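In: this is a predicted model, with the sequence first.
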Amino acid sequence: PSVRAMLGKISPGGSFLVTGGSDCSIRYWDFMSAQRCGVVAGLSPGQHKPYYDAMNVDDAQLYVCRDTAVPPPETVMPSKLPVQQQKGPLPPPTGHQDAIMDLKLLRLPLRCVISASRDGVIKAWK
């Protein structure tokens, strides 16, 4: 996946970056702690959350988003496999269905992130 949009803030009180891209995901990167990084939107139902790792490269810290290893279904006890109940209509997807092309941070009247995707859909995230 490639990053197509980003926004951020650098300050002594805390710095962050929000990215969106071709994988239809919005990620939050906290420059103080890899444990506070995460996927804001874009995970499919049942998809495992990625984890974030910080590595020292030369005199800088590099943050990396890594996919969680998923064991093959045949190695997992059947009682531990997710059960999908196909009852009623499926809920609409909450994330974008096409690449995220732009991100904006709004502070007034409500603090939120606005995302726009290539298919023309605009969403607001608290």
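Out: Nice, thanks for sending it over.
In: any low-confidence regions in the chain?
Out: Scanning the chain for pLDDT under 70 picks out 78-92.
In: which residue is nearest the middle of it?
Out: Nearest to the mean C-alpha position of the chain, by Cα atoms, centre = their mean, lies Val39 at 2.4 Å.
In: strand partners of the helix or strand hosting that one, parallel vs antiparallel please.
Out: Per DSSP states H and E, Val39 falls inside strand 38-41. Strand pairing for strand 38-41, determined by DSSP bridges: strand 26-30 (antiparallel).
In: tell me the contacts of Asp67?
Out: Listed by Cβ atoms under 8 Å, 6 or more residues apart in numbering, the contact set of Asp67 reads 48, 50. (C-beta placed from N, C-alpha, C; glycine too.)
In: and with 6 Å instead?
Out: Applying Cβ atoms under 6 Å, 6 or more residues apart in numbering to Asp67 gives the contacts Pro50.
In: distance of it from Gly21?
Out: Distance, Asp67 to Gly21, by Cβ to Cβ, to the nearest Å: 15 Å.
In: done for today, thanks.
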